[in-house]
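J.: Let's see this in three dimensions:
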Amino acid sequence: MKTEVKIHFLGAAGTVTGSKFVIATPTLNIMVDCGMFQGVKQLRQLNWEPLPFDVSDIDVVLLTHGHLDHVGYLPRLVKAGFEKQIIGTAPTLAVAKIILLDSAKIHEEDAERANKEGYSSHMPALPFYTMEEAKRCIALFSPEPKDEWITLSENISCRFRYNGHIIGATFIELDIFGKRFVFSGDVGRPDDLLLFGPKRPQKADFLFLESTYGDRHHPIEDLEAFFVELINKTIQQQGKLIIPSFAVERAQMLAYLLWKLYKKNKIPNIDIVIDSPMGSNVLDLFQRFPNWHKLPKEQYAEMRRHLKIVKDYSETWKTIDDARPKIVIAGSGMVTGGRVLTYLKQLIDEPHTTVLLVGYMAEGTRGRYLLEGVDEIKFYGKYYPVRAKIMHLQSLSAHADQLELLGWLSAIEKPPTHVFLVHGEPGATDALRVKLKDEFQWEAIIPRLYEVFTLSWES
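T.: Numbering: from 1, shown residues only. Modelled structure (predicted):
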């Protein structure tokens with residue numbers, strides 16, 4: 001009997017954001033990830049357009065992990081009529097709940113501010129989704145364990161495999177009418193400070209592989225020496241070190257790294273401020289899910305006591321007004337929103353402020369603009385001069401680089417029938433395509449946004 005499956009690339013095709021894929025099978029339509037687009041305006045506008053796939057025909061959503069570019073469209077999906085299961089590991093769904101509620105609050109506040117100050121071209125400005133819509137989506141969450149096969153229908157099953165990257169993250173294996181589909185999600189790094197190395201797939205007939213850093217190797221940097229020098233200089237200049245950070249995993253990794261330096265007496269007892277309600281909530285998940293990370297319970301408790309965790313927005317202003325030198329870790333990582341904007345509005349024009357960008361900065365984000373050396377930056381409709389020192393640290397990335405991606409693939413026993421490269425900007429994706437050809441003799445396909453591929457075989 002001939003089996004035919006259609007793959008709909010609804011996001012993360014030709015770009016690094018908006019991960020959404022639909023596998024349309026003879027018996028079940030499966031969505032893998034449901035992320036929102038971030039970055040340049042052209043991409044962000046896609047979030048407001050209806051999906052080119054009937055939402056009512058989707059039978060289940062599977063999530064690789066809880067980052068916004070993999071879960072941020074879920075409330076819109078539910079608003080459009082989806083009302084079935086959203087499945088992921090327990091920590092992934094816990095992360096997604098935190099991120100969606102935080103994101104909904106930001107959407108509501110941004111719309112309210114835009115209407116009040118009149119800087120939006122839309123009147124009235126509307127939130128992308130509301131808190132109530134996020135809660136409706138969260139009510140559909142259904143946690144499943146890692147490493148166990150779950151039956152979705154008579155001829156289709158799936159399992160979630162540990163993938164590093166962030167707490168709860170997995171790659172997804174789907175067995176569909178006798179063929180193995182592997183969705184990499186975001187592949188973590190083998191030597192992560194907090195997380196175990198990712199598991200590796202051994203079989204893949206059809207592989208959907210991320211390519212975020214498909215064109216480069218992460219530099220080998222002496223992180224301890226880097227931070228010791230930077231923090232001592234910050235103290236000498238009576239300045240502020242602002243670190244825009246992803247609230248999930250990156251903020252916790254930075255906090256752990258800085259706490260270890262203090263414990264080794266390599267830096268003085270400078271205030272380390274975590275100003276991200278979401279980051280604080282995710283930190284709690286490290287205590288809730290101890291089997292998903294390396295951090296011992298005792299060290300977690302001691303580190304937590306050492307940090308100054310800001311919860312109320314009034315504390316943000318007290319932190320800014322306090323003239324003493326300090327380290328502030330605040331969301332969001334690409335400077336697209338969140339508490340870090342308040343700090344930068346007030347401090348980015350100060351020469352003794354240092355802004356340390358860590359990890360990937362997508363095209364069109366404020367983080368990328370700062371990285372490229374802009375003279376002024378726009379917050380909430382107004383421009384601010386950039387006099388702060390802008391620095392970049394790449395080795396803390398939670399994404400595997402090209403060499404690590406090749407290592408992740410090395411356990412696959414037989415060449416896949418098709419390899420699709422997703423979740424990357426064009427240069428990175430094409431570089432990985434060439435590398436796969438050179439190293440494994442695999443021919444890879446780079447799908448375009450909204451492209452549909454038909455896969456067929458005898459089953």
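J.: All the strands of the stretch 301-450 of the chain, in order from the start?
T.: 308-309, 326-330, 353-358, 376-379, 382-385, 389-393, 418-422, 444-445 (DSSP state E, counting those that start in this stretch).
J.: any chance of these in JSON lines, with mean neighbour count, distance to H70 and mean pLDDT too?
T.: C-beta: built from backbone N, CA, C; applies to glycine. Output for those, formatted as JSON lines (neighbours: other C-beta atoms under 10 Å; distance: least, C-beta to C-beta, whole Å; pLDDT from 0 to 100):
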{"stretch": "strand 308-309", "mean neighbour count": "15", "distance to H70": "26", "mean pLDDT": "92"}
{"stretch": "strand 326-330", "mean neighbour count": "25", "distance to H70": "22", "mean pLDDT": "95"}
{"stretch": "strand 353-358", "mean neighbour count": "23", "distance to H70": "20", "mean pLDDT": "96"}
{"stretch": "strand 376-379", "mean neighbour count": "15", "distance to H70": "26", "mean pLDDT": "94"}
{"stretch": "strand 382-385", "mean neighbour count": "12", "distance to H70": "31", "mean pLDDT": "96"}
{"stretch": "strand 389-393", "mean neighbour count": "17", "distance to H70": "24", "mean pLDDT": "94"}
{"stretch": "strand 418-422", "mean neighbour count": "22", "distance to H70": "12", "mean pLDDT": "98"}
{"stretch": "strand 444-445", "mean neighbour count": "17", "distance to H70": "21", "mean pLDDT": "98"}
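J.: possible to save these as JSON lines with distance to L68?
T.: Below are the strands of the stretch 301-450 of the chain laid out as JSON lines (distance: least, C-beta to C-beta, whole Å):
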{"stretch": "strand 308-309", "distance to L68": "21"}
{"stretch": "strand 326-330", "distance to L68": "16"}
{"stretch": "strand 353-358", "distance to L68": "17"}
{"stretch": "strand 376-379", "distance to L68": "20"}
{"stretch": "strand 382-385", "distance to L68": "25"}
{"stretch": "strand 389-393", "distance to L68": "22"}
{"stretch": "strand 418-422", "distance to L68": "17"}
{"stretch": "strand 444-445", "distance to L68": "26"}
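J.: Among the ones you listed, which comes closest to K79?
T.: strand 418-422 (25.2 Å; C-beta to C-beta).
J.: Tell me which strands that closest one pairs with, and in which orientation.
T.: The strands beside strand 418-422 in its sheet (DSSP bridges) come out as strand 206-210 (parallel), strand 444-445 (parallel).
J.: who's in contact with T336?
T.: Q38, T365, R366, G367 (C-beta atoms under 8 Å, 6 or more residues apart in numbering).
J.: now K199
T.: R161, Y162, N163, F171.
J.: Name the nearest residue to the first one, sequence neighbours excluded.
T.: Using C-beta to C-beta, 6 or more residues apart in numbering and skipping the chain neighbours, the partner closest in space to R161 is K199 (4.6 Å).
J.: From P124, how far out is that neighbour?
T.: Distance from K199 to P124, counting by C-beta to C-beta, to the nearest Å: 48 Å.
J.: P296 too?
T.: From P296 to P124 the distance is 50 Å (C-beta to C-beta).
J.: Start from the N-terminal end of the stretch 1-150 of the chain and give the helices.
T.: Ranges of helices within the stretch 1-150 of the chain are 41-44, 68-71, 74-79, 90-117, 131-138, based on DSSP state H, counting those that start in this stretch.
J.: Among those helices, single out whichever gets nearest to F453.
T.: helix 68-71 (20.7 Å).
J.: Domain boundaries for the protein, per the record?
T.: 2-216+398-458, 223-393 (automatic domain parsing).
J.: ranking the ones you listed by mean pLDDT, which is last?
T.: Mean pLDDT values for these show the minimum at domain 223-393, a mean of 92.
J.: In the sheet, which residues pair with F379? Tell me.
T.: Taking DSSP bridges as the rule, F379 bridges to K382.
J.: show me what contacts it?
T.: Contacts of F379 (C-beta under 8 Å, 6+ apart): L341, L344, K345.
J.: count of neighbours near the last one?
T.: Per other C-beta atoms under 10 Å, the neighbour tally for K345 reads 15.
J.: Hmm, it is touching P385, no?
T.: No. Counting by C-beta atoms under 8 Å, K345 sits too far from P385 to count as a contact (11.5 Å).
J.: and the closest residue to S410 other than its chain neighbours, what is it in contact with?
T.: Of all residues not flanking S410 in the chain, R200 sits nearest, at 7.1 Å (C-beta to C-beta, 6+ apart). For R200, the contacting residues are G407, W408, L409, S410, A411, I412, by C-beta under 8 Å, 6+ apart.
J.: Who wins on neighbours among the residues you listed?
T.: Going by other C-beta under 10 Å, W408 tops the contacts of R200 with 25 neighbours.
J.: residues in contact with that residue?
T.: Taking C-beta under 8 Å, 6+ apart, we find W408 in contact with S184, V187, P198, R200, P201, A400.
J.: which among those end up buried?
T.: S184, V187, P198, P201, A400 (16 or more other C-beta atoms under 10 Å).
J.: and the third one, helix, strand or coil?
T.: Yep, that's P198 we're talking about. coil (DSSP: H, G, I helix; E, B strand; the rest coil).
J.: Go ahead and confirm it touches G188.
T.: Yes. In this structure, P198 is within contact of G188 by C-beta under 8 Å, at 4.8 Å.
J.: if I look at these two, which residues touch both of them?
T.: Common neighbours of P198 and G188 (C-beta under 8 Å, 6+ apart) are N163, G164, H165, A400.
J.: got those as JSON lines, with secondary structure and distance to H70 columns?
T.: Below are the shared contacts of P198 and G188 laid out as JSON lines (DSSP: H, G, I helix; E, B strand; the rest coil; distance: C-beta to C-beta, whole Å):
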{"residue": "N163", "secondary structure": "coil", "distance to H70": "12"}
{"residue": "G164", "secondary structure": "coil", "distance to H70": "15"}
{"residue": "H165", "secondary structure": "coil", "distance to H70": "10"}
{"residue": "A400", "secondary structure": "coil", "distance to H70": "16"}
